[in-house]
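**Q** Can you look at this prediction? I've put the sequence above it.
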Amino acid sequence: MSDIDRIRNFSIIAHIDHGKSTIADRIIHKCGGLTDREMKQQVLDSMDIERERGITIKAQTVKLKYKSKEGKEYTLNIIDTPGHVDFGYEVSRSLSACEGSLLIVDSTQGVEAQTLANVYQALEINHEVIPVLNKIDLPASDIDKTKKEIEDVVGIDTSNSISCSGKTGEGIDEILEAIVNNLPAPKGAQDKRLKSLLVDSWYDSYLGVVILVRIINGKIKKNMKIKLMSNNQEYIVEKVGVFTPKTEDMNELNSGEIGFIITGIKSLSETKVGDTICDAENPINDPLPGFKPSKPVVFCGLFPVDSSEYQKLKDGLAKLKLNDSSFSYDPESSSALGLGFRCGFLGLLHLEIITERLEREFDVNLITTTPGVIYKVHKVKGEVIDLQNPTNMPDPSQILKIEEPWIKATIITPDEYLGSIIKICQDKRGIQKDLSYSGNRAVLTYDIPLNEVVFDFNDRLKSVSSGYASFDYEISGYREGNLVKLGILVNTEPVDALAMIIHKDFAQKTGRQVCEKLKDLIPRHNFMIPVQAAIGSKVVARESIKGFKKDVLTKIHGGGASDRKRKLLEKQKKGKARAKQFGKVEIPQEAFIGVLKINKNDS
């Protein structure tokens, strides 16, 4: 049984690509979690996409044994956290399960925006933070400048910071000593009634739902009856264990420890992240405060390119939902694209990861419609509806006002790119709130509508700043906006998959771009096809696709046959009018994909 004073629970906070997973690898290797033969790079990043992109998506946990220089043995529980803004909910629950954090900053790049957001989350819940300056083996490393930046921007004292290199292993011993000496031990008592936090859960095809728990008080044993306080359901614990990072079965988990339990639950929806687990025989009265559940903020339609793959897509989404409860999907049908799903994501990277996993793991070719956000539509009669899909927009005469979500964006950039970045923010209807400097780097704070950010903001930011600017955001609330539904009509028929909700000032320009693009992408027919962009019944842009013209006059020879020529041309004209009335315009898949790329190419 481990003494609670010898336990250290900590998470690792860092911006993308600052060396978080590499340092975790070094610590695991140093503490003997894996042998040399079993070691591989990014041990904690188990998905192919995580390894390829060098990002962490799912928070992972490891229990290690460490013998300090004084000869005492400690238990270290690491929770590796994602660095990207879309996976902020993973970060919040990882931090809630720990007492301290390692803040890793790349000494060649300095503090980035996502580092800032995650550190503030840690400080809010009174974490002890140890600053670690990584990549000191690189020639561009500037330790003093990075320390000053941490003090100026984050506001943490760096006198006890540690310089290290995840690549060479230098400084890893100092990090381990700082963890056992500077981070607090968990508080809790083993003789009290069981109180435990549900940190995470995922689906295993052999075992059912695996639940990651942090024991606050008491202990969890095999064959014990537990109760989930959010739904009052009772379960028998079939298996208890820890990750070292290999799975290791235990008889019990005591207070202060982090491990997993298996209870035979088959549905992930029963295990709510942040829930409190207690003893069913001797329950507690007050649940833990938990933390905010993640809510999808970006929505788009997913349709299979080949309609016969619909069932494959449906099965793929159901399987992904088992391991990622943070996205939602509902069936929808489109007259242009057939059957598909309306899916909700935490952000654009999340959308990209899910679509990539569907295409890779389930071999489905997808079309994604324009990403959008949830609008609150206030009707004249007082009813408020949440609108995800532009096609469900009520008639304008019934609408009192439309509110859109806004975000508070923090952008950190070298000052030479400041002018271009401010221009992008203003183009996106941003309102500047704050601008401060740390050395030659500027910290910008803007209020921007989320709808303007979801499509191409990050790409434009990276391109104007040569990749040096970093961006992080949090949803700040809803505000009224002058928003309209821009509908696209091809041959007077509305194309629901291309409808979008947009600010009135940008509607005409966007409508014109879409019409021009469709004119190039829709093949010519035997009749003229009008392509229009309209707000309600008012057409704001139009292009015409000319029809093929058959020469009906070739069979007439000689002069004086003008009457006959006229009659043949009249007959052709009537035929074209009839064809236009009853003819169906087939819109190819490339046209949809081309329209979705408009914003990116024109930015």
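**A** Great, that's in hand. Numbering: from 1, shown residues only.
**Q** Report the beta-bridge partners for Asp249.
**A** Beta bridges link Asp249 to Gly241 when assigned by DSSP bridges.
**Q** Name all residues that make contact with it.
**A** Going by CB atoms under 8 Å, 6 or more residues apart in numbering, Asp249 touches 239-241. Glycine gets a C-beta too; all of them are placed from N, C-alpha and C.
**Q** could you flag which of these are buried?
**A** Among the contacts of Asp249, those classed as buried by 16 or more other CB atoms under 10 Å are 240-241.
**Q** Same list (the contacts of Asp249) but as a markdown table, adding pLDDT and distance to Glu149.
**A** Shown next, in a markdown table, are the contacts of Asp249 (pLDDT from 0 to 100; distance: CB to CB, whole Å):
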| residue | pLDDT | distance to Glu149 |
| --- | --- | --- |
| Lys239 | 86 | 46 |
| Val240 | 87 | 44 |
| Gly241 | 85 | 41 |
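**Q** Dump the contacts of Asp249 into JSON lines; add distance to Ile216 as well.
**A** What follows is the contacts of Asp249, written out as JSON lines (distance: CB to CB, whole Å):
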{"residue": "Lys239", "distance to Ile216": "21"}
{"residue": "Val240", "distance to Ile216": "16"}
{"residue": "Gly241", "distance to Ile216": "19"}
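**Q** closest to Asp152 among the contacts of Asp249?
**A** Gly241 (44.1 Å; CB to CB).
**Q** wait, what's in contact with the closest one?
**A** Counted by CB under 8 Å, 6+ apart, Gly241 has contacts 247-250, 259-261.
**Q** Of those, grab the buried ones for PyMOL.
**A** In PyMOL, selecting the buried portion of those, with burial taken from 16+ other CB under 10 Å, looks like this:
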select buried, resi 250+259+260+261
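**Q** so where's the stretch 401-550 of the chain shaky on pLDDT?
**A** With pLDDT under 70 as the threshold, the stretch 401-550 of the chain has low-confidence stretches at 455-456, 548-550.
**Q** Helices of that one, start to end?
**A** 418-427, 450-453, 457-464, 504-521 (DSSP state H, counting those that start in this stretch).
**Q** Deepest-packed of these, please.
**A** helix 450-453 (a mean of 24; mean count of other CB atoms under 10 Å).
**Q** contacting residues around that one?
**A** Applying CB under 8 Å, 6+ apart, the external contacts of helix 450-453 come out as 297-298, 372-373, 404-407, 409, 428-430, 473, 475, 501-503.
**Q** neighbours around the closest residue to Ser201 other than its chain neighbours, how many?
**A** Take Ser201 and drop its neighbours on the chain: the residue closest to it by CB to CB, 6 or more residues apart in numbering is Thr271, 4.0 Å away. A count of nearby residues for Thr271, using other CB atoms under 10 Å, gives 25.
**Q** do the same with the one 3 residues further on
**A** Burial measure for Gly274: 20 neighbouring residues, criterion other CB under 10 Å.
**Q** right, and it touches Leu197 too?
**A** Yes - assessed by CB atoms under 8 Å, Gly274 is found in contact with Leu197 at 7.3 Å.
**Q** Let me have the helices of the stretch 401-550 of the chain in JSON lines, extended by distance to Gly218.
**A** Shown next, in JSON lines, are the helices of the stretch 401-550 of the chain (distance: least, CB to CB, whole Å):
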{"stretch": "helix 418-427", "distance to Gly218": "51"}
{"stretch": "helix 450-453", "distance to Gly218": "42"}
{"stretch": "helix 457-464", "distance to Gly218": "45"}
{"stretch": "helix 504-521", "distance to Gly218": "57"}
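**Q** do you know which of these lies nearest Asp137?
**A** helix 457-464 (26.2 Å).
**Q** Could you list the residues in contact with that closest one?
**A** Against helix 457-464 from outside (CB under 8 Å, 6+ apart): 348, 411, 417, 420-421, 424, 428, 448, 469, 471, 600, 603.
**Q** Render the CA-only coordinates of that helix in PDB, please.
**A** Provided in PDB are the C-alpha atoms of helix 457-464 (Å, rounded to 0.1, in the frame of the first residue of the first chain):
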ATOM      1  CA  PHE A 457      -8.800  32.300 -39.800                       C
ATOM      2  CA  ASN A 458      -6.100  30.000 -38.500                       C
ATOM      3  CA  ASP A 459      -4.700  29.400 -42.000                       C
ATOM      4  CA  ARG A 460      -4.600  33.100 -42.800                       C
ATOM      5  CA  LEU A 461      -3.000  33.900 -39.500                       C
ATOM      6  CA  LYS A 462      -0.200  31.300 -40.100                       C
ATOM      7  CA  SER A 463       0.400  32.500 -43.700                       C
ATOM      8  CA  VAL A 464       0.700  36.200 -42.900                       C
END
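**Q** What's opposite Leu197 in the beta bridge?
**A** Here Leu197, judged by DSSP bridges, has bridge partners Arg214, Thr276.
**Q** How much space separates it from Ile125?
**A** Counting by CB to CB, to the nearest Å, the separation of Leu197 from Ile125 is 12 Å.
**Q** These two: which has the busier surroundings?
**A** A count of neighbours by other CB under 10 Å puts Leu197 above the other of Leu197 and Ile125, at 23 against 14.
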